[in-house]
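Participant: next one to model:
(2 chains)
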Amino acid sequence: MFSIEHITHLIDAWLYGNLPPTLALLIECLIVGLAAITLFAVLGLVLVLMERKVSAHMQIRLGPNRVGPGGMFQTVADTLKLAMKEGLTPDGADKFLFNLAPYLVIVVSMMILAPVAFAKGVQLWDLNIGVLYVTAISSLSVIGILMAGWASNNKYSLLGAMRSGAQIVSYELSAGMSLISIVVLTGSLRISDIIASQQNGWWLFKGHIPAVISFAIFIIAVTAETNRAPFDLAEAESELTAGFHTEYSGMKFALFFLAEYVNIFIVCAIAATLFLGGWMPLHIGNWAGFNHVMDYIPSSIWFVGKVFSLIFLIMWFRWTFPRLRIDQLLRLEWKYLLPISMLNLLLMTLIAINGWHF
Amino acid sequence: MIEELATTDAGEMVVNVGPQHPSTHGVLHLVITLRGETIRKVEPHLGYIHRSIEKMCESLSYRQFIYVTSRMDYLSSHINNHACALCVEKGLQVELPARAKVIRVLMDELTRLASHQLWWGAMAMDVGALTPFFHAFREREAINDIMEETCGARLTMNYMVPGGVMADLHPNFQKRVKDFIHLFRSKIDEYDELVTGNVIFRSRMEGVGRLSAADAISYGCTGPTARGSGVRCDIRKLAPYEIYDQLQFEEPLETGGDCFARYLVRMREMRQSLSIIEQLIDNIPQGDFQAKTKAVLKLPKGEFYSRVETARGEFGVYIISEGGMTPYRIKFRSPGFSNLSALDHMARGYKIGDLVAIMGTLDLVIPDIDR
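Facilitator: Alright, predicted model coming up:
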């Protein structure tokens, strides 16, 4: 069976066999860094195209279809255009913070990529506090957004940034609670352990109703955390024109845009890892034949398939629902999602202690 | 001036919404005073698309000036033209052939439907749902095609002339309208499914932008804006023109006075328009489509007023004639202007997101306000 793991092990063995260990480690770091940046760029291009195609088909349109076969290179052309555009810094803006903000946002999204397991054995950094690391780093992106809103010297940007701040700080509570409920079941924060614990079934199915509830809450909360509709108040084009990135143009705007899409990928990857078994194939009880067939599908395909199904779900939200108002948004979190997820966590703990889960 | 107003003592912030803004649907400029997200004051600044249409009309003949009025409320251009033609006919005392009357009513109702469809899409877009806009345009396209066949234009029709209509109906008209009715009957249910019943949409609309019946009257609101507050003001019922008194239709009234009530009134109006078209489409009388009028129209000395119900409310035309070939003075009473005047009253104390929703339910067309 083909696996990316073989290739990584081959490279690792070759480097350490032919070079001094320090140099080998350095080169490995370099390769990993390049791979992360390439992945970042490719994800941005693919997801933007996917969003445009999905929205087009929901809106009785064709979407991009001129550049390349089926419009495949439309986003490449757009990126080239954005790269060549002038990056304006408005008069009266805090130049240092204004220019720093997009990099901060993008660096944060890059950092969260580290513990994500893309396939069997393909993981940049399997640290023992993986889930904690993800929640801790993801809450940093709000600083970049607040910085952008404040430094732009624009009232729309400021309003967008304030909304975004309130929103992300509130919703990461429920998102964290949902993650903890799975951690309670597995007893480990390490991503590889969590995936390994789902070998005979995904937590979404094994964890009874509390797992389903926490999955739903997690999807809602991360939709809000990534500022996607129906929670796109930070951008709210019909109210705040473009929210916190109103004043950004050219490549600086492109970085915000890229970060948004990579963030969607990351949160969906986390959801897939914790609830849908990461790269684990779908196994159903004692159906040995079925399970065997499923094992033949490479683990990377399983992971990408799960993540993109979730991404499609989040895109589907965006093109269906109207936007919430800021007070309704906060009420939903503090009055409904947070109490429910707290109660859910208690239930989950009870299940875990008594070993009621499958 | 705006710079000085940037902040006030009470910790309020002054924000310019427009003239270039996605949800003002044109070049409307609102200066809003905010405290946090809460609106303290809304001050509309008009005039960005003022073209002196009233003054322009004074130098145009009674046949010509009607064409300019298509450019006012461009979404109900048929109905604007209709009001002007009615006013001139009043002065000339021309009796219209029955066929012309029916054609006019049919066109008016089709226009109302097209206008409400566009409003529905734009309204949903204002509250953040982007997809309904495309669905609304799909059905509006069918009406535009019908209009194009008969009138030769899709937006500024200029089809109503003093004495009747410009040309006879296209042979395909009846068939295509029937097809459209069949199509739209199912689509309007789809509209309800997609937007009306949506939990988020309901929570954005209900209880927002309340306008009491007394306030609606004192601000001079008309059309669905006033009917959402329970004020009877349909000119088609109160002062029937053409053949509206012989038709079976009801005036939708809601008593909520909030955004959702105004939304429901428009949705119900679409069904009413559909039923009016259904009543008429098989009963178009034969005969002339235009009464015989002189080549050069001269109104007798005096004052003439006519009013009709457009998609946005009461539209009035007031002509003062000195007996010449051109009007001495023309005044248009546009529904959008009065409806906009109530915006400040409705939006105070609500959030920025609500302001957008309230503006959406007012169904503003800026050239109608500015003229």
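
Participant: tell me the residue of the stretch 201-350 of chain B that sits nearest chain A?
Facilitator: B:F201 (4.8 Å; C-beta to the nearest C-beta). For the C-beta atoms, the positions are set from N, CA and C on the backbone; glycine is no exception.

Participant: surely that residue meets A:T320?
Facilitator: No. Counting by C-beta atoms under 8 Å, B:F201 sits too far from A:T320 to count as a contact (10.8 Å).

Participant: okay, the two: which has more neighbours?
Facilitator: Shown here are B:F201 and A:T320; by other C-beta atoms under 10 Å in any protein chain shown, B:F201 has more neighbours (25 against 17).

Participant: so what's the closest residue to chain A within the stretch 1-150 of chain B closest to, chain neighbours aside?
Facilitator: Residue of the stretch 1-150 of chain B nearest chain A, by C-beta to the nearest C-beta: B:G128 (2.6 Å). In space, and not counting its chain neighbours, B:G128 is closest to A:R323: 2.6 Å by C-beta to C-beta, 6 or more residues apart in numbering or on different chains.

Participant: before we move on, the earlier item: the residue of the stretch 201-350 of chain B closest to chain A sits in which helix or strand?
Facilitator: helix B:199-205 (DSSP states H and E).

Participant: and the next helix or strand past that helix?
Facilitator: Next element after helix B:199-205 (DSSP H and E): helix B:213-218.

Participant: buried ones in that next one, by neighbour count?
Facilitator: Along helix B:213-218, these residues count as buried under the neighbour rule (16 or more other C-beta atoms under 10 Å in any protein chain shown): B:213, B:215-216.

Participant: C-terminal to it, what's the next element?
Facilitator: Next in sequence after helix B:213-218, counting helices and strands by DSSP H and E, comes helix B:223-227.

Participant: just checking, next helix/strand downstream of that next one?
Facilitator: Scanning forward in sequence from helix B:223-227 by DSSP H and E, the next helix or strand is helix B:235-238.

Participant: the residue most central in space within chain A: helix or strand, and which one exactly?
Facilitator: Centroid-nearest residue in chain A: A:I266, 2.1 Å away (criterion: C-alpha atoms, centre = their mean). Taking DSSP H and E as the definition, A:I266 sits inside helix A:250-275.

Participant: and that helix, average pLDDT?
Facilitator: When pLDDT is averaged along helix A:250-275, the result is 87.

Participant: for that helix, buried residues please.
Facilitator: Buried residues in helix A:250-275, counted by 16+ other C-beta under 10 Å: A:251-275.

Participant: with stretch B:147-163 instead?
Facilitator: Using 16+ other C-beta under 10 Å as the test for burial, stretch B:147-163 gives B:147, B:150-151, B:156-163.

Participant: outside of stretch B:194-207, which residues touch it?
Facilitator: The contact list for stretch B:194-207 (C-beta atoms under 8 Å, 6 or more residues apart in numbering or on different chains) reads A:230, A:321-325, A:328, B:120, B:124, B:127, B:129, B:131-132, B:135, B:256, B:258-260, B:263-264, B:267, B:353-354, B:357, B:361.

Participant: follow-up on the earlier one: outside of the helix or strand just after the helix holding A:I266, which residues touch it?
Facilitator: Elements were assigned by DSSP H and E; along the chain past helix A:250-275, the next helix or strand is helix A:288-296. By C-beta under 8 Å, 6+ apart, the residues outside helix A:288-296 that reach it are A:1, A:281-284.

Participant: pull the distance from helix A:288-296 to the chain's centre.
Facilitator: Computed by C-alpha atoms, centre = their mean, to the nearest Å, the chain-centroid distance of helix A:288-296 equals 29 Å.

Participant: stretch B:156-164 now?
Facilitator: Distance of stretch B:156-164 from the chain centroid (C-alpha atoms, centre = their mean) equals 17 Å.

Participant: avg pLDDT for it?
Facilitator: 86.

Participant: so which of the buried residues of stretch B:147-163 sit within strands?
Facilitator: Mapping the buried residues of stretch B:147-163 onto strands (DSSP state E) picks out B:160-161.

Participant: just put the buried residues of stretch B:147-163 in CSV and tack on distance to B:S321.
Facilitator: Converted to CSV, those look like this (distance: C-beta to C-beta, whole Å):
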residue, distance to B:S321
B:M147, 31
B:T150, 31
B:C151, 28
B:T156, 25
B:M157, 25
B:N158, 22
B:Y159, 24
B:M160, 19
B:V161, 18
B:P162, 13
B:G163, 17
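
Participant: ok, of the buried residues of stretch B:147-163, which one's closest to B:P300?
Facilitator: Among these, B:P162 lies closest to B:P300 (C-beta to C-beta), at 14.0 Å.

Participant: now that closest one, nearest residue through space, not along the chain?
Facilitator: Distances taken as C-beta to C-beta, 6+ apart put B:V88 closest to B:P162, at 4.3 Å, once the chain neighbours are dropped.

Participant: and the one you found, that one's in a strand?
Facilitator: No. Judged by DSSP: H, G, I helix; E, B strand; the rest coil, B:V88 forms no part of a strand; its state is helix.

Participant: list the contacts for it?
Facilitator: Listed by C-beta under 8 Å, 6+ apart, the contact set of B:V88 reads B:62, B:66, B:162, B:297, B:299, B:304, B:319.

Participant: and the helix or strand containing A:S164, how far from the chain's centre?
Facilitator: Assigned by DSSP H and E, A:S164 belongs to helix A:155-186. A distance of 13 Å separates the centroid of the chain from that of helix A:155-186, by C-alpha atoms, centre = their mean.

Participant: right, and the helix or strand after it?
Facilitator: Using DSSP H and E, the next helix or strand after helix A:155-186 towards the C-terminus is helix A:191-196.
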